[in-house]
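Asker: fold the following and give me the result.
(2 chains)
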Amino acid sequence: MQSRREEIKTGREKLQRIIEMCKPVEDRSLDPFLLDIKELVTTMKEYFPEWKIPEDLCLDAETLHHLASVIRLQSEWVKHRSTSLYTDPFLLEEKLIHMEKGGIVETFLMAWHPIVALEQISLHSLAEALRYWESLLPLKERWKEFPPAEVTMSLATREELIRQRILRDKAFSEELDNAWQELKERVAEKGKDGKIHYWDFVGAETYEETVQKAFMASFLITYGYATLEIHPLEEEMFIRPYEKLVRVGKKQLVSMPISVSVEDWMKWKRGELH
Amino acid sequence: MSKRKAYYASKIKRAIHMLFYQRHKKPGVKGWELRKVLGSDYPKVLKILDDYLKMLDLQVKTVFEEEKPVEEPTLEDLDKARFYVTLRGELTPKEAKMVGWRIDDLAGLAITIAYVISKKGKVARKEVEELLRDKLPGWRVDLNIDRYIRYGYLTQDESEQLYLDWRTRAEVDEKALIDMLLSK
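Answerer: The predicted structure is shown next:
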């Protein structure tokens, strides 16, 4: 005798199979009467008492929904067959293939009553257009109200970063040293295996502070104070401080762009991002 | 001219302006637009206009929102319907050429519409392409189907299924077309 777990597994598979059978019918590539609705409903009924968790109940509801769509298609099919518009597509296809082009056109012209519509400028719309043109201010005056913001791209200098409070006005080497010390302390405090999650190091109370720390982190990595470990499959990124400064030398350097967007920072604050 | 006659004469003029001159992307006017301009007795105005257009071989055509024609439409049905002026009679093949249709393109349109109707209003584009390729050069088939879609005779969904669109419902007497094709 099947255990309950096996029973549930079989039931789920059967419902999935019913859904798969309904789909081609819903896409109208199959005759809706090919499916024995009564039998499928019996199968659903048989397994219904087994469904306890919401996922199974949802699967049951989805199956029922697909069956209802097939029943709707069956009803449409019957209605269509009973209307005067019903034509056997094969018969019609045969007719169309064997008819001459001229014959088809002649027949179509008897059932075709094209729309009559005009596209023409009127005196009234010309007068309206002229009134509009007269009241329209010249571009020079209209655009004056909204001076376009000039956006140019260039490299940010250290002075600019200080002015924008991204960097503090300290000697840069001193800043780097401080950041290195902080990184080591954070690793000792919160890290594991001598490394810490990138966002746990750069993340701060404010977004400005976060950007500043990310900026310092990039220099720590570039100048050999720390290294970055990336685990692409887990989508995790760690920063590992070196005990001593490591000379990068002539080793091939790889650029690694890391996005520090407000959205990422907010996610980190909410604990959704490590 | 009696007051009543003058009243309807002016309403008919307004109706003519609305129906003949294309105001939107698509030709035709919605019932509620006519009601706004002509008043609540716009169905009567359209009836008088239709009688008048008879001698010009034109007619006021009503296309209801539902695919099937409504037997006794309510005011609500009419408000939602779209009204067009169409040809009442038939064009000769020569005249059809004059309005910009090549005989091949028109035959292709007729075949496509008839085939979609016979397939309950939905058919894969590939099937239609195959059918048309029997009589039209391959390079024209794709162009023609795109043209029928652009004009509003057909519409296509993301899975490349073709359906009849608003212009076919306004211009083609579907039942007459099928009956005539089968009786040939």
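Asker: residues near the residue in the stretch 151-274 of chain A that chain B sits nearest to, how many?
Answerer: When distances are taken as C-beta to the nearest C-beta, the stretch 151-274 of chain A reaches nearest to chain B at residue A:263, 30.4 Å away. In short, each C-beta sits where N, CA and C put it, glycine included. Using other C-beta atoms under 10 Å in any protein chain shown, residue A:263 has 9 neighbouring residues.
Asker: show me what contacts it?
Answerer: Residue A:263 sits next to no residue when contact means C-beta atoms under 8 Å, 6 or more residues apart in numbering or on different chains.
Asker: could you do residue B:73 as well?
Answerer: By C-beta under 8 Å, 6+ apart, the contact set of residue B:73 is B:62, B:64, B:81.
Asker: assumed residue A:120 was part of a helix.
Answerer: No: with DSSP: H, G, I helix; E, B strand; the rest coil as the criterion, residue A:120 is located in coil rather than a helix.
Asker: list the contacts for it?
Answerer: residue B:21.
Asker: one step back: SS state for the residue of the stretch 151-274 of chain A closest to chain B?
Answerer: Three-state assignment for residue A:263 (three-state DSSP): helix.
Asker: give the buried residues for the top helix by length along chain A.
Answerer: Criterion DSSP state H: the longest helix present in chain A is helix A:54-82. For helix A:54-82, burial by neighbour count (16 or more other C-beta atoms under 10 Å in any protein chain shown) applies to A:56, A:59-60, A:63-64, A:66-67, A:70, A:73-74, A:77.
Asker: as a markdown table, the residues you listed with pLDDT and distance to residue B:103 would be great.
Answerer: What follows is these, written out as a markdown table (pLDDT from 0 to 100; distance: C-beta to C-beta, whole Å):
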| residue | pLDDT | distance to residue B:103 |
| --- | --- | --- |
| A:56 | 90 | 61 |
| A:59 | 92 | 55 |
| A:60 | 92 | 57 |
| A:63 | 93 | 52 |
| A:64 | 93 | 52 |
| A:66 | 92 | 46 |
| A:67 | 92 | 48 |
| A:70 | 91 | 43 |
| A:73 | 87 | 38 |
| A:74 | 85 | 41 |
| A:77 | 78 | 36 |
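Asker: and the residues you listed, which two are the farthest apart?
Answerer: The span of the buried residues of helix A:54-82, defined through C-beta to C-beta, is set by A:56 and A:77 at 31.7 Å.
Asker: contacting residues around residue A:72?
Answerer: Contacts of residue A:72 by C-beta under 8 Å, 6+ apart: none found.
Asker: for it, give its distance to residue A:175.
Answerer: Distance, residue A:72 to residue A:175, using C-beta to C-beta, to the nearest Å: 70 Å.
Asker: low pLDDT regions in the stretch 1-150 of chain A?
Answerer: A:1-2, A:28-29, A:80-87, A:122, A:144-150 (pLDDT under 70).
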